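Chemist: turn this into a structure:
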Amino acid sequence: MFRILDSLRECDPDWVINTTKYHTEYGTSFKSGFRTVDDGVNTACGGAVGSYHTRGCAADIHVAGKDYTAAQLLTMVLTAAGWHGIDGSELGIGCYGDWLHLDTRGYSSRW
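Modeler: Numbering: from 1, shown residues only. Model (predicted):
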């Protein structure tokens, strides 16, 4: 995960981890990488039970200030993974318009 994220940032320093807002009753935000379970952070932001974020194996990322399509973002992530000998068959990648979820689940999943 970190090798891929580092490679993306080396190519374009505008790659960032998304800021995720808690549900309104919590009134704050945090970077959407690792989410804790015990203090309710994952639940507060609407994360799924068993989320890869709670294992330190996921990040929601985007390129700040640039209008890339989901397909372009996917291509960039798979290219960066390939530089490290990762063909994408070990990654979960969910495209959400101008940002994507990336995780290291150990098998390919796309949504």
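Chemist: can you tell me the closest non-neighbouring residue to Met1?
Modeler: Ranked by CB to CB, 6 or more residues apart in numbering and with sequence neighbours excluded, the top spatial neighbour of Met1 is Thr104, at 5.0 Å. In short, each C-beta sits where N, CA and C put it, glycine included.
Chemist: that neighbour: how many residues sit nearby?
Modeler: Other residues lying near Thr104 total 18 when counted by other CB atoms under 10 Å.
Chemist: same thing with Ser108?
Modeler: Counted with other CB under 10 Å, the burial measure for Ser108 works out to 12 neighbours.
Chemist: just to revisit the earlier point, double-check the residue nearest to Met1 against Tyr52; I have them as touching.
Modeler: Yes: in this structure, Thr104 is within contact of Tyr52 by CB atoms under 8 Å, at 7.4 Å.
Chemist: so for those two, which residues contact both of them?
Modeler: 58, 92 (CB atoms under 8 Å, 6 or more residues apart in numbering).
Chemist: would you mind listing the buried residues in the longest helix seen in the chain?
Modeler: Identified as the longest helix of the chain according to DSSP state H is helix 70-82. Residues of helix 70-82 classed as buried by neighbour count (16 or more other CB atoms under 10 Å): 73-74, 76-77, 80-81.
Chemist: can I get the residues you listed in a markdown table with pLDDT and distance to Val16?
Modeler: Conversion of the buried residues of helix 70-82 to a markdown table gives the following (pLDDT from 0 to 100; distance: CB to CB, whole Å):
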| residue | pLDDT | distance to Val16 |
| --- | --- | --- |
| Leu73 | 93 | 13 |
| Leu74 | 94 | 17 |
| Met76 | 95 | 14 |
| Val77 | 96 | 14 |
| Ala80 | 96 | 15 |
| Ala81 | 95 | 18 |
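Chemist: closest one of those residues to Trp15?
Modeler: Of all the buried residues of helix 70-82, the one with the least separation from Trp15 (CB to CB) is Met76, at 8.4 Å.
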